[in-house]
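[1] got a structure for you, letters missing:
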């Protein structure tokens, strides 16, 4: 249990997808104009990461990596389908994003409209694919660890986009120099937030 908590906390604060790896920046910058739309997209990212990372873990463990197909037949023990990892991971992500898009369109049409093209673009959000690839690289021992990592990564991305959206709503009333208005000041604030999140690296987990 302690190990799962460590993975969850680390994926939120220390290995934050935005502030540690700068993954998913396109959606982060484009949708973070209001807290409402940022919250909707952030929750969608949590849901997609929380589902796709464990599914991709199972694919990796029982289908893709060398010897994974031995459970079907001993004659397949030498088969290595690792070269299909990218394609399979993206297929799972695209399927999940399509489901999320349909649900949001059905139950929250105003949010669906405000998110626009950036909702289906979750399928190519590098934070989502990054979650599965980091899971693969770190070789988590079981599906519980993979699921906790996926959820933690999603929560970290959610905190990042909602945090920057709240700041951007406030600085509309600030006297920002004209050349820095818009993305300029957003990049600066993102950098400062990234430095702030680096302070969590001192936590011993």
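    Okay, I see it. Source: prediction; values computed, not measured.

[2] could you pull out the buried residues of the helix or strand of the chain with the lowest mean pLDDT?
    The weakest-scoring helix or strand in the chain, judged by mean pLDDT, DSSP states H and E, is helix 109-115 (a mean of 82). The neighbour-count check on helix 109-115 (16 or more other CB atoms under 10 Å) flags 111-112, 114-115 as buried. The way it works is simple: take the backbone N, C-alpha and C, and place the C-beta from them, glycine included.

[3] helix or strand right after that helix?
    Using DSSP states H and E, the helix or strand that follows helix 109-115 in sequence is helix 126-138.

[4] chain center to that following helix: distance?
    In this view, helix 126-138 has its centroid 9 Å away from the chain centroid, taken as CA atoms, centre = their mean, to the nearest Å.

[5] what pLDDT, on average, does it get?
    Helix 126-138 shows a mean pLDDT of 92.

[6] got the buried residues for it?
    Applying 16+ other CB under 10 Å to helix 126-138 flags 126-136 as buried.

[7] turn these into CSV, including distance to residue 48.
    CSV is the format used below for these (distance: CB to CB, whole Å):
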residue, distance to residue 48
126, 13
127, 10
128, 6
129, 11
130, 12
131, 9
132, 11
133, 15
134, 15
135, 14
136, 17
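
[8] please name the residues that touch residue 168.
    Contact analysis of residue 168 by CB atoms under 8 Å, 6 or more residues apart in numbering lists 32-33, 186, 189.

[9] of those, which is the most crowded?
    Neighbour counts for the contacts of residue 168, by other CB atoms under 10 Å, peak at residue 32, which reaches 24 neighbours.

[10] any idea how far residue 177 is from the nearest residue to it once chain neighbours are set aside?
    The spatial neighbour of residue 32 that comes closest, neighbours along the chain excluded (CB to CB, 6 or more residues apart in numbering), is residue 165 at 4.3 Å. According to CB to CB, to the nearest Å, residue 165 stands 21 Å off from residue 177.

[11] neighbour count: the two, which is higher?
    Between residue 165 and residue 177, counted using other CB under 10 Å, the more crowded position is residue 165 (22 against 8).

[12] wait, doesn't the more buried one sit right on residue 41?
    No - counting by CB atoms under 8 Å, residue 165 stays clear of residue 41, with 9.6 Å between them.

[13] which residues are in contact with each of the two?
    residue 31.

[14] can you list the low-confidence ranges for this structure?
    Along the chain, segments meeting pLDDT under 70 span 204-205.

[15] roughly how far does the residue in it sticking out farthest from the centre sit from residue 68?
    Relative to the centre of the chain, the most outlying C-alpha is that of residue 75, 37.4 Å out, by CA atoms, centre = their mean. The gap separating residue 75 from residue 68 is 14 Å, by CB to CB.

[16] next: residue 5.
    29 Å.

[17] higher neighbour count, those two?
    It is residue 68, of residue 5 and residue 68, that has more neighbours when counted by other CB under 10 Å, with 19 against 12.

[18] shouldn't the more buried one be in contact with residue 62?
    Yes - using CB under 8 Å, residue 68 makes contact with residue 62 at a distance of 5.5 Å.
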